[in-house]
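Q: mind looking at a prediction? Sequence and model below.
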Amino acid sequence: MQSASAAARVGVQVGDQIVLVNGVVPRDILEWHRLVESDVVDLQIARGRESLDIVVERLPGEPFVEEKLSPLYVSIHAVDPHVRSDMLRNNRGGFSLRWVRLMLDNQIDIRAQIVLCPGVNDGDVLESTLSGLLEQFPELESIAVVPLGLSQFNTESRMRFQTSDEANAVIDLVEEWQRRFRRVLGRQPIHLADEFYLVANRDVPSADNYGEYPMLEDGVGLVRSFIESFSGNGPDVSGRHDGFFASVDHGSPTDYVRPVNPAVETSLRVAKPVSVSLNPRTRSAKVPAIVSGPYGSSMFRKLLAGTDLAHIPVVEVPNLHFGGNTAVAGLMTFADIQGALRAHGRENVYLLPDVCLNDGVFLDGATVGDLSEEFDIEVIATSGVALRQRLEAARKENSRD
């Protein structure tokens, strides 16, 4: 028994025999867990020759408070209890935000997240949520607003991804609330995931809006950090195991309730890419072409336009394997890449981001060696600096020719 547990606090001791739980003898471990799930549990205990009745009342967030676990990621989604219960698929979920106040009062930092599901918690619901957070929880360290990510395997008919018009509306609403938070609090904790700007075809905010890029794992600031790194105006993020190309290792693309990783519900996602040996062979003299998913391709075209690298082709790889709004390079598969490269031709050396490989293996089981049998492939680190250096080197070599 843990010394900081609710049972220990009310006098339950090691060696006590629990006879009844809420007046019931648990049949098995499953019933035991069901009976002790509630916030108040009545125990009948045998201690030697004594029979004791003890009421165990679990305080909201008690383990986090006792152990000072901080920071904590909390899925908010909505402050309306009915909407929140629906999204969490838990009838008690609508009232669990009371724990947030307890933890904030005990100096535990909270990083909140709102996964935005069109027609469920956007629009007026989002407006109400941001208003409620400002009024009830102004101490929140951050509030990340991220879009719902769906694959073609989604089984919930009402779950869909954002349209361009909806993404524009979200940006306008959130930016207005960012200004309100700054006026009231003197700081601005709300951060909007890059994907909204990409879907809306709008420029991402400037670098000074992201500070030290603390929320890359929420898909916030990925585009701007890569642009700044590529342009030589900001730090390189390649050593931080995140970046624009990256993806998440998550077994259920259809889930829209926040699992462990705070970014898994978005389709612009991050995780720690597993390193792969970069191709050691002699560098090809062909003009390099950048291979990326739809989101990366959109960024690269804008990034290269109007520069002396505007001639560099960008090969967009649609994700037919996962479908839906899965659009990051980290989830590209061999089959999808092969199809895109065949359509483009063999006149280029293709720069492949390392995050779509796990020890040289794609998600669908083929290897980078398999792809190299048909195309000139060069695996490149997921880094704005590395990409710029490779493209500059190719430009200089071609100019000498």
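A: Now that the structure is in, tell me what you want to look at. Numbers count the residues shown, from 1 in each chain.
Q: quick one: the helices in the chain, in order.
A: Taking DSSP state H as the criterion, the chain carries its helices at 6-9, 29-35, 62-67, 81-88, 98-105, 123-136, 164-185, 194-200, 222-231, 294-304, 334-344, 368-372, 384-400.
Q: and those, which one is worst for confidence?
A: Out of the helices of the chain, helix 62-67 stands lowest, with a mean of 63 (criterion: mean pLDDT).
Q: quick check: residue 126 vs residue 148, distance?
A: Here residue 126 is placed at a distance of 13 Å from residue 148 (CB to CB, to the nearest Å). (Each C-beta comes from the backbone N, C-alpha and C, glycine too.)
Q: hey, what's in contact with both of those two?
A: residue 116 (CB atoms under 8 Å, 6 or more residues apart in numbering).
Q: which strand residues bridge residue 115?
A: Here residue 115 sits in beta bridges with residue 146, going by DSSP bridges.
Q: give me the neighbour count for it.
A: Neighbours of residue 115 under the rule other CB atoms under 10 Å: 27.
Q: please apply the same query to the one 5 residues further on.
A: The burial metric for residue 120, expressed as a neighbour count using other CB under 10 Å, is 20.
Q: I'd guessed it sits against residue 87; true?
A: Yes. Counting by CB atoms under 8 Å, residue 120 does reach residue 87; the two are 6.7 Å apart.
Q: and the contacts of stretch 294-314?
A: For stretch 294-314, the external contacting residues (CB under 8 Å, 6+ apart) are 195, 198, 223, 226-227, 230-231, 244-245, 267-268, 287-290, 292, 315-319, 327-329, 344, 348, 353, 391-392, 395.
Q: change it to 7 Å
A: Here stretch 294-314 makes contact (CB atoms under 7 Å, 6 or more residues apart in numbering) with 198, 223, 227, 230, 244-245, 268, 288-290, 292, 316, 318, 327-329, 348, 391, 395.
Q: just stretch 23-34 next, same as before
A: With CB under 7 Å, 6+ apart, stretch 23-34 has contacts from 21, 35, 42.
Q: now the buried members of those residues.
A: 21, 35 (16 or more other CB atoms under 10 Å).
Q: what's the closest of the contacts of stretch 23-34 to residue 115?
A: Nearest to residue 115 among the contacts of stretch 23-34, counting by CB to CB, is residue 35 at 31.6 Å.
Q: look up how far residue 80 lies from the closest one.
A: Here residue 35 is placed at a distance of 30 Å from residue 80 (CB to CB).
Q: same question for residue 398.
A: Residue 398 sits 59 Å away from residue 80, going by CB to CB.
Q: show me which of the two is the more surrounded one.
A: Neighbour totals were compared for residue 398 and residue 80, and residue 80 leads with 17 against 13 (other CB under 10 Å).
Q: contacts only, for that one.
A: With the criterion set at CB under 7 Å, 6+ apart, residue 80 makes contact with 125, 128.
Q: model confidence for it, exactly?
A: At residue 80, the model reports a pLDDT of 92.
Q: repeat for the one 10 residues further on
A: The predicted local confidence for residue 90 comes out at a pLDDT of 72.
Q: can you check residue 137 too?
A: Here the pLDDT value assigned to residue 137 is 95.
Q: go ahead and confirm it touches residue 99.
A: No. Between residue 137 and residue 99 there is no contact, the gap being 11.1 Å when judged by CB atoms under 7 Å.
Q: residue 160 reaches residue 118, doesn't it?
A: Yes. At 5.7 Å, residue 160 counts as touching residue 118 under the criterion of CB under 7 Å.
Q: are any of the contacts of stretch 294-314 buried, and which?
A: Using 16+ other CB under 10 Å, the buried ones in those are 198, 223, 227, 230, 244-245, 268, 288-290, 292, 316, 327-329, 348, 391.
Q: pLDDT below threshold where in the stretch 251-400 of the chain?
A: Along the stretch 251-400 of the chain, segments meeting pLDDT under 70 span 251-283, 399-400.
Q: try 50
A: Residue ranges of the stretch 251-400 of the chain with pLDDT under 50: 251-281.
Q: which residues in it form strands?
A: For the stretch 251-400 of the chain, the strands defined by DSSP state E, counting those that start in this stretch cover 287-292, 314-316, 348-353, 376-380.
Q: separation between residue 371 and residue 9?
A: As judged by CB to CB, residue 371 and residue 9 stand 59 Å apart.
Q: look at those two and report which has more neighbours.
A: Higher neighbour count among residue 371 and residue 9: residue 371, with 21 against 15, using other CB under 10 Å.
Q: wait, doesn't the more buried one sit right on residue 377?
A: Yes. Residue 371 is within contact range of residue 377, at 5.3 Å (criterion: CB under 7 Å).
Q: how about stretch 356-370 as PDB, C-alpha atoms only?
A: The C-alpha trace of stretch 356-370 is given here as PDB (Å, rounded to 0.1, in the frame of the first residue of the first chain):
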ATOM      1  CA  CYS A 356       9.600   8.100 -42.600                       C
ATOM      2  CA  LEU A 357      12.100   5.300 -41.900                       C
ATOM      3  CA  ASN A 358      12.600   3.000 -38.900                       C
ATOM      4  CA  ASP A 359      16.100   1.600 -39.200                       C
ATOM      5  CA  GLY A 360      15.800   1.900 -43.000                       C
ATOM      6  CA  VAL A 361      12.300   0.300 -43.100                       C
ATOM      7  CA  PHE A 362       9.100   2.000 -44.200                       C
ATOM      8  CA  LEU A 363       5.800   1.600 -42.400                       C
ATOM      9  CA  ASP A 364       4.600  -1.000 -44.900                       C
ATOM     10  CA  GLY A 365       7.600  -3.200 -44.500                       C
ATOM     11  CA  ALA A 366       9.700  -2.300 -47.600                       C
ATOM     12  CA  THR A 367      13.200  -0.900 -47.200                       C
ATOM     13  CA  VAL A 368      15.000   2.200 -48.500                       C
ATOM     14  CA  GLY A 369      17.200  -0.300 -50.400                       C
ATOM     15  CA  ASP A 370      14.100  -1.500 -52.200                       C
END
